[in-house]
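Asks: what shape does this take:
(2 chains)
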Amino acid sequence: NAGVTQTPKFRILKIGQSMTLQCTQDMNHNYMYWYRQDPGMGLKLIYYSVGAGITDKGEVPNGYNVSRSTTEDFPLRLELAAPSQTSVYFCASLPTALTYNEQFFGPGTRLTVL
Amino acid sequence: GQQLNQSPQSMFIQEGEDVSMNCTSSSIFNTWLWYKQDPGEGPVLLIALYKAGELTSNGRLTAQFGITRKDSFLNISASIPSDVGIYFCAGPTGNQFYFGTGTSLTVIP
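Replies: Sure thing, here's the model as predicted:
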């Protein structure tokens, strides 16, 4: 099992550019999450999905979009990058919302918007 | 959203010392989670607490679920250099997870 993989590891964007952060898990987990972590802060939930075809907003969804067409993939889309979106982005998955001991995080994508 | 505050914000301790940190919330949680994040990595779950007053250990780590259900505590005994990292508390509500602000731990050999 590769676990949760994220690509790219690093990216620099110009203001107004768009990009997709990729997240893939090979554990057949139903629940997947996207978080952002600003320097010195905890993780803030952007979007989550409880299964293919189902997505929902978290605490800080503005400026982002997601889709979940398969169980394995949960891409995060930034349409018009802004400096406020400079952050480290983590994807996570777990089988169901209560299976905390089987939760895994990806290694993160460090995004800088200039 | 939910506010989870952790203290202290950072700690510098000598190897072998014990460590205590806590997490307080403005809301009640039915579950408390504690994670460790190594530099450049995602968080890893250390301990999950499910009942008010519960005390749970994982090796040298012990966590407690506060009886008010608005706080939780993590202790690390006999710290070692690999304990370095950021420790986060988190509280799940429905399908969402709310994370604390983190406690950064530095262990001086």
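Asks: count of residues packed around the nearest residue to A:H29 once chain neighbours are set aside?
Replies: Nearest in space to A:H29, with sequence neighbours left out and distances taken as C-beta to C-beta, 6 or more residues apart in numbering or on different chains, is A:S93 at 3.9 Å. All C-beta atoms are positioned from the backbone trio N, CA, C, and that covers glycine. The number of residues packed near A:S93 is 26, by other C-beta atoms under 10 Å in any protein chain shown.
Asks: state the pLDDT value of the closest residue to chain B within chain A.
Replies: Using C-beta to the nearest C-beta, the single residue of chain A nearest to chain B is A:F105, 2.8 Å away. For A:F105, the pLDDT comes out at 95.
Asks: next one: it from A:T99, what distance?
Replies: 14 Å (C-beta to C-beta, to the nearest Å).
Asks: over to A:L111?
Replies: A:L111 is 29 Å from A:T99, by C-beta to C-beta.
Asks: quick one: which of A:F105 and A:T99 has more around it?
Replies: When A:F105 and A:T99 are compared for neighbours, A:F105 comes out ahead with 23 against 13, by other C-beta under 10 Å.
Asks: wait, what's in contact with the nearest residue to that one once chain neighbours are set aside?
Replies: Leaving aside its chain neighbours, A:F105 sits nearest to B:G42 (2.8 Å; criterion: C-beta to C-beta, 6+ apart). Going by C-beta atoms under 8 Å, 6 or more residues apart in numbering or on different chains, B:G42 touches A:V4, A:F90, A:A92, A:F104, A:F105, A:G106, A:P107, A:G108.
Asks: which one of those is nearest B:F29?
Replies: When the contacts of B:G42 are ranked by distance to B:F29 (C-beta to C-beta), A:A92 comes first, at 18.4 Å.
Asks: near the residue lying closest to B:I108 once chain neighbours are set aside, how many other residues are there?
Replies: Once flanking residues are discounted, B:I108 sits nearest to B:Q14: 5.3 Å by C-beta to C-beta, 6+ apart. B:Q14 is flanked by 9 other residues according to other C-beta under 10 Å.
Asks: what does the pLDDT read for B:Q14?
Replies: 97.
Asks: helices and strands of chain B: which one bottoms out on pLDDT?
Replies: Lowest on mean pLDDT, DSSP states H and E among the helices and strands of chain B sits strand B:96-99, with a mean of 92.
Asks: how distant is the next helix or strand after that one from the center of its chain?
Replies: Using DSSP states H and E, the helix or strand that follows strand B:96-99 in sequence is strand B:103-108. Here strand B:103-108 is found 13 Å from its chain centre; the criterion is C-alpha atoms, centre = their mean, to the nearest Å.
Asks: in what helix or strand does the residue nearest to A:H29 lie?
Replies: Going by DSSP H and E, A:S93 is in strand A:87-94.
Asks: so, low pLDDT: which residues of the chain?
Replies: Assuming you mean chain A. A:1 (pLDDT under 70).
Asks: not what I meant, chain B
Replies: In chain B (pLDDT under 70), the answer is B:1.
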